[in-house]
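Asks: Sequence first, then the predicted structure, then my questions.
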Amino acid sequence: MNVLIVDDEPSLRRTLRLALESLGHQAAEASDGHQAEELLGHRYYDLAFLDLRLGRERGLELLPRMLRLAPGLDVVVITAYATIATAVEAMRLGAFDYLPKPYSPEQLRLVLDRAARLRRLQSQVAELEEQVRSTVPEADLHTREPLMQSAIDMALRAAGSEATILLRGESGTGKGVLARTVHAHSRRALESFVTVHCPSLSAELLESELFGHAQGAFTGAVRETVGKVAAADGGTLFLDEVGDLPQPLQPKLLRLLQEKRYERVGETQTRVADVRVVAATGRDLQADAAAGRFREDLLFRLNVIEVVLPPLRQRKNDILPLTEHLLRFFARDTAKPITGFTEEARAALLAYHWPGNVRELRNIIERAVILSAGPEVTLADLPAQTRGEGGGARGEDIQVGGRATLDQLEAEHIRRILESSASIDEASAALGIDPSTLYRKRKRYHL
C-alpha cells in the first residue's frame with residue numbers, strides 16, 4: 001500500500017517509514033498539516049498514520065480535511081496521550097483505527113493487515129456489482145422527454161438531503177429504479193438499501209417483516225427476527241406501494257417517520273432506527289386520505305418531496321431508444337446477432353399504448369429476442385397485443401364470451417374490482433384470494 005506518515009517528530013517518522021518499507025509498503029512523510037495536504041493533493045494514498053499532536057496543530061482538526069481531500073483514505077490515529085475520549089472522537093470523525101504509542105511491530109502489522117483485507121473486500125464487492133450490472137439490464141434513466149427529465153432532476157436534487165421522498169406513477173414506470181438511484185446519490189450510499197413490498201403480506205406478517213418480532217410473539221415465531229427497519233439502519237428504507245399499507249400499520253409507520261422509534265412484535269422495548277424513507281405508490285393518496293383509507297398525517301410526512309413519473313405512453317420519444325437499449329442487452333445475453341427492428345416492428349412498438357410501461361417493454365423485448373430467427377426483430381416476433389390484434393383489446397372491449405384470452409379476462413376483472421374497492425383487503429375478499437396472491441397478480445398484469 002501507499003502510506004502517508006504525518007508526525008512532527010523526524011525520528012518517529014523515520015522509524016515508522018523503515019518499519020513499513022520492511023513490510024513491503026511504500027511510505028511518504030509529512031511534518032505538519034500543510035505538507036500532508038500538499039501530498040494528498042498530488043498522489044493517491046491507501047493509508048495514513050496521523051499523530052494527534054503536530055506542534056501547535058491538533059491532528060483531530062486535520063483529520064476531516066484529509067478525508068475531504070482523499071475520501072477513500074484510511075486514517076490510523078497514533079498518540080502517546082491515548083484516552084478513551086480522544087479515541088471515540090477520532091472514530092467519530094472518520095478514523096479507521098487508533099494506535100497508542102509506543103506500539104509493537106505486531107500491533108502495527110495487525111493494523112496494516114486489517115486495512116489491506118478491507119480493501120480487498122471492497123474490491124471484490126465492486127467487482128461483483130459490475131458482474132450484476134452486466135447480467136441484469138439496468139433501467140435506462142436517460143430521457144428525451146421534459147416530464148421524465150424533470151422528475152429525475154427533482155429526485156436527484158432531493159437525494160442529498162434527508163427528506164422523505166414519495167415517488168408516484170403507474171406500475172412499471174421505474175419507481176423502484178429511481179428509488180435506488182436516489183439512494184446511490186445520497187450520503188447513505190455505502191449503507192443498506194432495503195425494500196418492503198407493502199401489499200405482499202397480511203397486516204400481521206407485514207408488521208413482523210417491517211419491525212421484526214420476538215421469539216414466541218405468535219404461532220410459528222420460533223426465533224426472533226430483527227426486521228427490515230433494523231436491517232436498513234443507517235441506510236434507506238424503500239416502501240414499495242405504500243398506499244396499500246394496512247391501516248393498523250399506518251400509525252406505527254408515522255411514529256417511525258416522526259421519532260425514528262418503533263417496537264418489535266411481542267416486545268415492549270422501544271428501539272431507534274436511523275433510516276431515510278423513500279416511498280412509492282400508484283394510488284391517489286389524496287383521494288384515499290379524503291375517503292379515510294389513508295391517514296392524512298402520514299401522507300403529509302411521506303409527501304415532503306413528491307416526484308411524479310409519467311407513463312411510457314406519455315414518453316413517445318423514449319420508446320425507441322429504450323427498445324434499442326434492451327435489444328442490445330438481450331442480444332448479448334442470448335448470444336444472438338440481432339441488430340435492430342424492422343420498420344413494421346418499430347411502428348407497432350410506437351403505436352402500442354403500453355399499459356405495463358417500461359416493465360412490460362422489457363418483457364416484450366426479451367421475448368422478441370428469444371423468438372427472433374433473423375438479424376432483425378420482426379412484427380411476427382412481437383406478442384399479439386403489441387401488433388394490434390385480438391390480444392390487444394382494450395379494457396372496455398373485453399367481455400365474457402368475447403374474443404379475449406383468459407388472462408385478459410382475469411386482468412380486466414381484477415382491475416375493475418380494485419377500482420370499486422376501498423382497500424386491498426376488500427378487493428381480495430371480493431375476488432376470493434388472499435392479499436399476497438392479489439399482489440402477485442397485480443405485478444403479473446401490470447395493474
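Replies: Happy to help now that I have it. Numbers count the residues shown, from 1 in each chain.
Asks: all contacts plus neighbour counts: C-alpha atoms, from now on.
Replies: Noted.
Asks: Could I get the contacting residues of the spatially most central residue of the chain?
Replies: Taking C-alpha atoms, centre = their mean as the criterion, Arg180 is the residue nearest the geometric centre of the chain, at 3.0 Å. Contacts here follow C-alpha atoms under 8 Å, 6 or more residues apart in numbering; on that basis Arg180 touches Phe193.
Asks: same check, this time on Thr143
Replies: Taking C-alpha under 8 Å, 6+ apart as the definition of contact, the neighbours of Thr143 are Gln149, Asp318.
Asks: confidence score at it?
Replies: Thr143 carries a pLDDT score of 90 in this model.
Asks: tell me the SS of it?
Replies: coil (DSSP: H, G, I helix; E, B strand; the rest coil).
Asks: any idea which helix or strand comes after the worst-scoring helix or strand of the chain on mean pLDDT?
Replies: Considering only helices and strands, the least confidently modelled element of the chain by mean pLDDT, DSSP states H and E is helix 105-135, at a mean of 74. Along the chain past helix 105-135, the next helix or strand (assigned with DSSP states H and E) turns out to be helix 146-159.
Asks: got a list of contacts for that next one?
Replies: Taking C-alpha under 8 Å, 6+ apart as the criterion, the residues outside helix 146-159 that touch it are 141-143, 165, 178, 181-183, 185-186, 305, 307-310, 315.
Asks: Can you say which of those residues are buried?
Replies: By neighbour count, with 16 or more other C-alpha atoms under 10 Å, the contacts of helix 146-159 hold 143, 165, 178, 181-183, 185-186, 305, 307-310, 315 as buried.
Asks: out of those residues, which are inside helices?
Replies: Leu178, Thr181, Val182, His183 (DSSP state H).
Asks: just these now: which is nearest Leu16?
Replies: Each of those was scored against Leu16 by C-alpha to C-alpha, and His183 proved nearest at 40.2 Å.
Asks: Pretty sure Gly41 is one of the things Leu69 touches, is it not?
Replies: Yes: the pair formed by Leu69 and Gly41 meets the contact definition of C-alpha atoms under 8 Å, at 6.7 Å.
Asks: one step back: next, format the ones in helices among the buried ones among the contacts of helix 146-159 as TSV and append pLDDT and distance to Gly172.
Replies: Conversion of these to TSV gives the following (pLDDT from 0 to 100; distance: C-alpha to C-alpha, whole Å):
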residue	pLDDT	distance to Gly172
Leu178	93	12
Thr181	90	16
Val182	93	17
His183	92	19
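Asks: I'd like these written out as CSV, with distance to His325 added.
Replies: Supplementary listing: these in CSV, determined by distance: C-alpha to C-alpha, whole Å:
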residue, distance to His325
Leu178, 18
Thr181, 19
Val182, 22
His183, 24
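Asks: Pick out the most distant pair among the residues you listed.
Replies: The distance between the two most remote of these (C-alpha to C-alpha) is 8.6 Å, for Leu178 and His183.
Asks: Does Glu267 touch Ala214 like I think?
Replies: Yes: between Glu267 and Ala214 there is a contact at 6.3 Å, judged by C-alpha under 8 Å.
Asks: Which one's more surrounded, the two?
Replies: Comparing Glu267 with Ala214 by other C-alpha atoms under 10 Å, the one with more neighbours is Ala214, at 19 against 12.
Asks: How about the contacts made by the residue nearest to the more buried one when sequence neighbours are not counted?
Replies: Residue nearest to Ala214 in three dimensions, not counting chain neighbours: Glu224, with 4.5 Å by C-alpha to C-alpha, 6 or more residues apart in numbering. Listed by C-alpha under 8 Å, 6+ apart, the contact set of Glu224 reads Gly212, His213, Ala214, Gln215, Gly216.
Asks: Could you rerun that using 7 Å?
Replies: His213, Ala214, Gln215 (C-alpha atoms under 7 Å, 6 or more residues apart in numbering).
Asks: Dump those to a markdown table, plus secondary structure, distance to Arg416 and pLDDT.
Replies: Written out in a markdown table, the entries for the contacts of Glu224 read as follows (DSSP: H, G, I helix; E, B strand; the rest coil; distance: C-alpha to C-alpha, whole Å; pLDDT from 0 to 100):
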| residue | secondary structure | distance to Arg416 | pLDDT |
| --- | --- | --- | --- |
| His213 | strand | 36 | 87 |
| Ala214 | coil | 40 | 85 |
| Gln215 | coil | 41 | 78 |
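Asks: circling back to that earlier point, look up phi and psi at the residue nearest to Ala214.
Replies: As for Glu224, its main-chain torsions (degrees, to the nearest 10) stand at phi -80, psi 150.
Asks: How much space separates it from Gly266?
Replies: According to C-alpha to C-alpha, to the nearest Å, Glu224 stands 10 Å off from Gly266.
Asks: shared neighbours of these two, anything?
Replies: Common neighbours of Glu224 and Gly266, using C-alpha under 7 Å, 6+ apart, are His213, Ala214.
Asks: how many neighbours does Gly41 have?
Replies: Residue crowding around Gly41 was assessed by other C-alpha under 10 Å; the count is 12.
Asks: Can you classify it by secondary structure?
Replies: Here Gly41 is helix, with the state taken from three-state DSSP.
Asks: Which parts of the stretch 201-350 of the chain are helices?
Replies: Taking DSSP state H, counting those that start in this stretch to define them, one finds helices in the stretch 201-350 of the chain at 203-211, 227-231, 250-259, 285-290, 296-302, 316-334, 343-351.
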